[in-house]
Each structure stands twice: as C-alpha cells, then as structure tokens.
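Undergrad: the sequence and its predicted three-dimensional model are supplied below.
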2 protein chains.
Amino acid sequence: MDVIRSQGPAAALRAALAAGLIALTPVGAVAEGAPPIENFALDNGLEVVVIPDHRAPVVTHMLWYKVGSADEDPGKSGIAHFFEHLMFKGTAEYGPGVFSARIADVGGRENAFTSYDYTAYYQQVAPDMLPEMMAMEADRMTNLVLTDDVIGPERDVVIEERNSRVENDPRSLLSEEVSATLYQNHPYRIPVIGWMHEIEKLNREDAIDFYRRYYAPNNAILVVAGDVDAATVRRLAQDTYGKIARGPDLPPRLRPTEPEQNTRRTVTLSDERVGVPSYSERWLVPSYTTAQKGQAEALDILSEVLGGGVRSRLYQELVVRQGIASSAMAYYQGTSLDDTMFMVLGSPRGEATLEDVEKAIDAEIAKIVADGVTEEEVEKAKMRFVRSMIFARDEQDGMARIYGSTLATGGTVEDITSWPDRIRAVTAEDVKDAATRWLDERRAVAAYLLPKE
Amino acid sequence: MDVIRSQGPAAALRAALAAGLIALTPVGAVAEGAPPIENFALDNGLEVVVIPDHRAPVVTHMLWYKVGSADEDPGKSGIAHFFEHLMFKGTAEYGPGVFSARIADVGGRENAFTSYDYTAYYQQVAPDMLPEMMAMEADRMTNLVLTDDVIGPERDVVIEERNSRVENDPRSLLSEEVSATLYQNHPYRIPVIGWMHEIEKLNREDAIDFYRRYYAPNNAILVVAGDVDAATVRRLAQDTYGKIARGPDLPPRLRPTEPEQNTRRTVTLSDERVGVPSYSERWLVPSYTTAQKGQAEALDILSEVLGGGVRSRLYQELVVRQGIASSAMAYYQGTSLDDTMFMVLGSPRGEATLEDVEKAIDAEIAKIVADGVTEEEVEKAKMRFVRSMIFARDEQDGMARIYGSTLATGGTVEDITSWPDRIRAVTAEDVKDAATRWLDERRAVAAYLLPKE
C-alpha cells in the first residue's frame, strides 16, 4: 500500500532511477512489436485491456480506479489513499486479511497505490489463480464492510504512515510545501497522503461516500497482462466484474486549473535532520493529456538531454566536469490528467555550495535556451527512449502500469502505441523551444533543503 | 462596487492609513459611551443592528450577506464579486439602474463591496428615504432578473475591472501570488475578484445557483446607523425584509484549514512597470474569530507598536533614524472568519536597497522577540486604539461597517462592546509573546517587488 507522489509509471521509474534502483524507462514506453493488445469494455462500463505475454506462467491482474487525491473534496485530503487501505479490510464473504493471505498462500505478490489521478490494486500470480483474483477484486468493489471498528484503527495506521514518511522526513515536508507553492489553484498542490489535520478527521461517512461515488465498474480499468488470452479474460471478467451494476455517471474530471503565473518563488526548509543539502527547481508545464501536439514529447526529450542520466548535460557538467555535485538530474512528470511539472535537482559535493549547484543548473538551462541542443543529443535521447520499450516489455507489471496509468489519465491505447513515432518526430528545435517556453526563471519554484544553521 | 482584498474595516482603514488618506482606526473600534446599540432578529432569520446617531439628518443603510469569495466552489473564483455587480442589474419592479438613479436623485450615496467573508450593499440618504431604500434592497434580495442579456455584458465589465486593477498593476499581481503561497489550503489563497480564466467562464447558471444558495434573510445582517430609532427600523424591516421567506439552512462555514507550515518562502515579481521597489513579509496568524483569548488583541497591539504609524518602531528606525526607507509599517488583518495574516512592509529610499529594508525590518522584529516592548509603548498603543473609537463614532458608515463586518465574520455585538477592555488588558509580555510565537522567519512568506532588471 503505497502513496505515489509522482504520477504515472515514468515518474515512479524515474524516481527509482534517481535512487539508482533501475535502468531508464520513460513515459509511455510501449511494447513496440509485442503481441497485440486487446481493449474492450463490458456492458457495465468497465474498460478492459489485455496484454498477452506468454514467456512465463505468470499473470498480472490490476484494477485501476479513475479517482485519485486530486478528485477529493476540499478539506478531505487523504481520503483516496485512506480508502485504498480500507480496501484490504475485508468483505462479508472474504473477511479481513483473507484476500492477502490467499495471495501469499499461492506464492503471489500484491500491491496497491494511490496517486493524484488514480488508485490501483494489483496481484501477480500463476494463471490458474486469475479467476480467484478477479472474483475477490470484483467482490471488494462493492461488498466492503466499513464499520467504525475498521475505520478508526486503519486511520491510525495512515496517521502513523504519514508520521514516518512525511513528518519525520524533511525532504518530504519540503516537497509538500513546494507543491503547495507551485500549484496555486489545482489540487496537485495537496499531498496524496493528505494533510495530517485533515486525515485525522476522516470518518466512516467520508469513506462510504467516497466508495459509493467512485468505486464502480464504469469508473475502473481492468488491466491483465501475462500468460492468458483475451477471450479467457473477457469471459472471466464477465463472470466477475460483469455481474456488478453500473454506478452513477460521474461528471467529467474537471479540476480547477492554474491561473497565469508571474512570479519566481522559493521554498526553504532548514532542519537538523538534513544531512545532504539539495536544490531543486520546478516549472508548471503541460502533461501528455493537456499538451498540444508534440509539446509533451519535446519535454520528455528535453528532460532526457538535460538530465536524464549519466550522459545528460547536467550530470556531465556538474558531476563529471566541475565536480561540484554528487547528483544532478531533470525529470518530466508527463503522465498526468492535468498540467504537471518539470523538475531539475542537484546536491552539492565537497566544498561546493547549494548556490554553486543552482547557478550551474541555471547555466545549463540558459545554454539550451540560447544555443539549443545538438541533433546528436536528440537522436541519442530518442534512441534511449525507444529502446527502453524493450526493457519495458520485459517487465510484465511495468507494461500493465503503463496502460493503466495512461488510460486513467485520459489517454488511449492508441496514444501508447503511437508514442514511439511521436517521440521520433521531436526535433532539436522542438527541444530548444520547449526549454525557452517552459523553463522560465521568472515563473518557477526553487526549493532549498538545508541543514539547520 | 468594490473588491476588498483585505478583510474588515480595520484592514480597509489601515490600508487607507498606509496611503495617507485617513487617521488611524483599529480593528473593532467601537462607540464607547455612544447611544445603545439595538440588536434583534426577524422571524425569517435576518439579523438587525441599529446604531442610533442623531447628530445629523442622515442614515446609513447596509445589508451584509454572510458570503464572500472564500465561500465559492472550487473553480468558480470571482462569482461572489461578479454577483455583487449583478445586484445592480435590476428586478422586475425596479429595472436596471433604477435603484441607483433614485439614490442619486435624492442626493444620496451608495456603494457595495465584496470581501473574502462577506458581501455588503450600502446607501446613505436622508431619514425619510430609508423606507424606500429598504424596500428596494429587500426587493433585490429575491427578485433579481438574471438573463443572459445581463450576464454576458456584466462579466465583460468585471473582466475589464480585473484588467485595470490587477493585470495592469504589478503590485496586485504580486499580492495575488503571495496569498496563493501563504495559504496552502485555505481559500483565502484565491483572489476576491477571481482568477481571470475562471471569471471568463462564469455563467448564468453559476449566478442563479449562487443567488439561491446565499441571498436569503437568514444569511444576511441589516445594519442601520443614523438618525432613526430602533422601533422604526424594526417596523420598516418587518414590512420589507420581513416579507421574504427564510432561505435554505446553510451548513456551517467550515473552510479547509491550513496544514502546519514548515518553510520560509519568497515570491518575486520583476516588472518594467514597477517604479518604487518594495518588500513585504507575511505570517499566518489567528484572527479575532479563531484566536484564543487575548491573542488577537496582542497581535493588534504588536502591529501598532511595530508599525502602526509614524510613532512606531519601524517608522522611527527605518524612515526617521536610518533614512533607508520611504515607508515602513505593520498591519494585522484581525477581522476575518478564519486564520489570517500579519504583515510588515517597506520601500527603500535613496541609495538603500530592498535588502537593507528587509534586514532592518527583520532586526526590529528580532529586537522585540529578544527584548520585548516597553510598558510605555504598549500603553500609548492602547490609548491610540481606544481613542480611535472616538473618531470611529464620528464616522456613521465606519461604525456600520464595524458592526457588519464583525457579525459577518462570526463575532457578536458583545465582542465589539467588550473590545476596548480586552485591548486594555494586553500586557507588554503578551506583545513579546505574540512576536515570538507568530513572527517566525522560518514560517513566513517574503515578497519582493522589483523593477525589471
């Protein structure tokens, strides 16, 4: 059970990349040349995506709800994530812990996560267990038992989770206030896990209201990847999810949008728990869902050329050449229902100060704005992006996540399959234009994480 | 028709004071020793306050609605203020402009204003005109004609108002983003006039919905000050407002509150239209409505000692002694339904820089935190506050505003009448404690208005 602060698989993967955990996998990485994806809907509105992958006897079963923290009512921050926890508390048929115990018994894996735009539940098991997983997942879509006995203790769990992940982590505390500064109107300014004082007030009524409003087949996407065929999935889906009545029609997910921004802002947190200081800067930019044609793809390539890895400009200049930074990267959170952020960050090394890192990062951006990037850089970035699809194909649940998160943020299967061609169409001029248009120092939020003075 | 960015009469008066327009009148200034105030309610829930003042044959008639911009639905910013404009567009009985023309014909004055927490309409006329004013004001509480013919052109008027007051004024643009930074969750982060992109979408349905929800006798306060007695006002109110049916019961005005803040933030606007640069700093503090006993009063005295006028520390130190500032002041926006802000500001003079002004202001605050203030300063500040009531008594509409704004932000008549005693109870220690507790540099928003580099 996880809070995803960043949105979409690319963000999660990029974060993991930053932490040195995995190799690069960009936004919308797809299975080019992989077996055909099947995409259909049940009569009750449940959208289904089947991604065949017969290399191993494993299936990944994911159910995505098109509701995340940015859909919460004002004052109810944290309900989406709290509700994700409650989904594990049992139904009349399968009591508390029964679903999870069953998965463990058969050697499967499970997880769940909540983001700004979606909430997802996932199990990875042997193919013969798929019918049971679907039955149990469908069961908790409508039959959850939500008594006060369940609500109170689980709220305490979430409060404890917030304590350990946020209150005790200056980086997270800073990050929350940076978002609250970058977004002046849009609910992305509110942390996915919720603000403590609002989590503390969440109650049974809030949970039931949320459940009735958002947990319904016509607000969900079923993604099944692995050693199974579409016909089987369709039949199983009919027998399980298909029995559930369509829920109320939800209005379009139109959240308040950002006003024009005219200022440069800074956010500084000094805390005795900070070991390594760090600098970051964020800009409000369009997402794959809100961008005009080609804009998001250009931002993806810009993030890659500027700070996408050890071959990027930031890394080469700050870490390798100047030796002033221990890390330096850029990152574009493209998979997002609404306007999103582009971010650069770095930490000083040795005698270098945070200001040195800031200046060096700004200089690299200014260089791109002034002189653009080379064709060679763009081609290499594209190649790395497109090649990353091959790695993505190797990750069954990675693929499932890409489809789920794209569809849950307003994208289509076609958006995913056409993505490599759209990436290939990005030119060096597009990248320069993106930097010039979006990475404007006068409309940015810089953040400083400092040890206590 | 006015947008009040600041809340309550003290704020408006302090702003006027800052502009050198008027003498000091603090929060909750009251008519100590003035004729008895009458306060009663009609059966339909309309609260009535009568403030007799027989020195001149004039009455001030104000109708306050307990709805302001902070009550707007997400994405509908500006509807409260837009609606204030629509209130002048005429009813079936009194067509567009008839009400205003009538006031002008009889040599009266009128105005209206929208703030975060309330919207008010006001006429000042000879006593014999009061019945007609009440009839016409009551009429537009329910009989407004809201056709698309009215909505579209008036929305253009508001857009033009925003263009001239905000878009063309760097100071206002900065101020908006400062509020959006200081308030991370509470709707005070949203400008009263609304954000342009949201104003542009306001439509007839929004207006009608807003009207039906908020414009009703049980959500309004009638304040009549002047040459009239309570019995007459009661009878007239019965004959006019008393005929209107009670509206729907509204839920308590519980807006999302602020999370704990842990960071220092800055907001910088550089604009070629800026002549004189300026510095300001703001803190989130309790209001008279949210404060514990004595806290708001201490903040009021702190603002007075620190920067309430030419005898204040900031003025004496920065303007008189060091000569580095052309202005320097402090200001506490105490009349507010929810947590509010304390602010200091200054502009450099001569060779001095914004940084010099910032440092000097910070030093004055640090001095109070370290050494406190003198008994003499506190006593003089109290005396000025209490004495200001005498001036307030001289301003018939000022008194009406104080009652209206206090009652519309959750206060009572008793809160106003007891205010002088509560101010007299503030000690030097309370003032030091207030500075220490609230004016924390680590949880503040500093703003820089700069000419284009």
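TA: Everything's here; your move.

Undergrad: next helix or strand past the top helix by length along chain A?
TA: Using DSSP state H to define each element, chain A has its longest helix at helix A:375-394. Using DSSP states H and E, the helix or strand that follows helix A:375-394 in sequence is helix A:396-408.

Undergrad: on contacts alone, who are the packing partners of that next one?
TA: helix A:8-18, strand A:47-52, strand A:59-65, strand A:119-125, strand A:220-226, helix A:375-394, helix A:413-417 (3 or more Cβ pairs under 8 Å, 6 or more residues apart in numbering or on different chains; DSSP states H and E). The way it works is simple: take the backbone N, C-alpha and C, and place the C-beta from them, glycine included.

Undergrad: dump the ones you listed into CSV; add mean neighbour count and distance to chain B as well.
TA: Output for the helices and strands packed on helix A:396-408, formatted as CSV (neighbours: other Cβ atoms under 10 Å in any protein chain shown; distance: least, Cβ to the nearest Cβ, whole Å):
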stretch, mean neighbour count, distance to chain B
helix A:8-18, 23, 22
strand A:47-52, 22, 27
strand A:59-65, 26, 21
strand A:119-125, 24, 20
strand A:220-226, 27, 25
helix A:375-394, 18, 30
helix A:413-417, 16, 26
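
Undergrad: want to try TSV for those, with distance to A:Val106 as columns?
TA: Output for those, formatted as TSV (distance: least, Cβ to Cβ, whole Å):
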stretch	distance to A:Val106
helix A:8-18	26
strand A:47-52	21
strand A:59-65	12
strand A:119-125	6
strand A:220-226	15
helix A:375-394	24
helix A:413-417	30
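
Undergrad: before we move on, back to that, what helices and strands are in contact with the longest helix of chain A?
TA: helix A:295-307, helix A:396-408, helix A:419-424, helix A:428-438.

Undergrad: wait, is A:Tyr279 part of a strand?
TA: Yes: counting by DSSP: H, G, I helix; E, B strand; the rest coil, one finds A:Tyr279 located in a strand.

Undergrad: what's the spacing between it and B:Asp53?
TA: Using Cβ to Cβ, to the nearest Å, one gets 61 Å for the distance from A:Tyr279 to B:Asp53.

Undergrad: so which of the two has more stuff around it?
TA: The neighbour comparison of A:Tyr279 against B:Asp53 (other Cβ atoms under 10 Å in any protein chain shown) goes to A:Tyr279, with 25 against 22.

Undergrad: quick check: that one touching A:Leu345?
TA: Yes: look at A:Tyr279 against A:Leu345 with Cβ atoms under 8 Å: they come within range, at 6.6 Å.

Undergrad: how does chain A divide into domains?
TA: A:2-243, A:265-451 (automatic domain parsing).

Undergrad: around chain B, pick out the residues from the stretch 1-150 of chain A.
TA: Proximity of the stretch 1-150 of chain A to chain B, by Cβ under 8 Å from any Cβ of the partner chain, involves residues A:74-75, A:77.

Undergrad: which one (most neighbours) among those?
TA: Sorting these by how many neighbours each has (other Cβ under 10 Å) puts A:Ser77 first, at 27 neighbours.

Undergrad: quick check, that residue in a helix?
TA: No: with three-state DSSP as the criterion, A:Ser77 is assigned coil and is not in a helix.

Undergrad: and the closest residue to it other than its chain neighbours, how many residues sit next to it?
TA: Once flanking residues are discounted, A:Ser77 sits nearest to A:Gly194: 3.9 Å by Cβ to Cβ, 6 or more residues apart in numbering or on different chains. Residues lying near A:Gly194 (other Cβ under 10 Å) number 28.

Undergrad: same question for A:Ala352.
TA: By other Cβ under 10 Å, neighbour count at A:Ala352 equals 18.

Undergrad: so how far is A:Arg311 from it?
TA: 22 Å.

Undergrad: got it, and A:Gly97?
TA: From A:Gly97 to A:Arg311 the distance is 47 Å (Cβ to Cβ).

Undergrad: still on that earlier bit, Three-state assignment for the residue nearest to A:Ser77, please.
TA: Relying on three-state DSSP, one would call A:Gly194 coil.

Undergrad: pretty sure it sits against A:Gly78.
TA: Yes: using Cβ under 8 Å, A:Gly194 is in contact with A:Gly78, at 1.9 Å.

Undergrad: can you give me phi and psi for A:Pro170?
TA: phi -50, psi -30 (degrees, to the nearest 10).

Undergrad: show me what contacts it?
TA: Listed by Cβ atoms under 8 Å, 6 or more residues apart in numbering or on different chains, the contact set of A:Pro170 reads A:269, A:271, A:273-274, A:449.

Undergrad: hang on, the earlier thing: can you redo the helices and strands packed on helix A:375-394 as a markdown table with mean pLDDT?
TA: Compiled in a markdown table, those are given as follows (pLDDT from 0 to 100):
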| stretch | mean pLDDT |
| --- | --- |
| helix A:295-307 | 97 |
| helix A:396-408 | 91 |
| helix A:419-424 | 92 |
| helix A:428-438 | 98 |
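
Undergrad: mean neighbour count, those: which tops it?
TA: Greatest average neighbour count among these goes to helix A:295-307 (a mean of 27), per mean count of other Cβ atoms under 10 Å in any protein chain shown.

Undergrad: what residues does it touch?
TA: Contacts for helix A:295-307 (Cβ under 8 Å, 6+ apart): A:26-27, A:285-288, A:291, A:312-315, A:328-332, A:334, A:342, A:344, A:364-365, A:368, A:373, A:377-378, A:381-382, A:384-385, A:419, A:422-423, A:425-426, A:430-431, A:433-435, A:438.

Undergrad: following the helix-or-strand element of chain A with minimal mean pLDDT, which helix or strand shows up next?
TA: Lowest mean confidence among the helices and strands of chain A (mean pLDDT, DSSP states H and E): helix A:8-18, at a mean of 37. Where DSSP H and E defines the elements, the next helix or strand beyond helix A:8-18 is strand A:38-41.

Undergrad: A:Ser278 is in contact with A:Leu449, correct?
TA: Yes: at 4.7 Å, A:Leu449 counts as touching A:Ser278 under the criterion of Cβ under 8 Å.

Undergrad: what's the overlap in contacts for the two?
TA: With Cβ under 8 Å, 6+ apart, A:Leu449 and A:Ser278 have common neighbours A:Arg171.

Undergrad: of those two, who's got more company?
TA: Neighbours per residue, other Cβ under 10 Å: of A:Leu449 and A:Ser278, the larger number sits with A:Leu449, 26 against 20.

Undergrad: name the helix or strand for that one, please.
TA: Judged by DSSP H and E, A:Leu449 forms part of strand A:445-451.

Undergrad: and what of A:Glu160?
TA: According to DSSP H and E, A:Glu160 maps onto helix A:148-162.

Undergrad: tell me the buried residues in that helix?
TA: A:150-151, A:154-155, A:158-159, A:161-162 (16 or more other Cβ atoms under 10 Å in any protein chain shown).

Undergrad: and of those, the nearest to chain B?
TA: Closest approach to chain B among the buried residues of helix A:148-162 (Cβ to the nearest Cβ): A:Arg162, at 10.9 Å.
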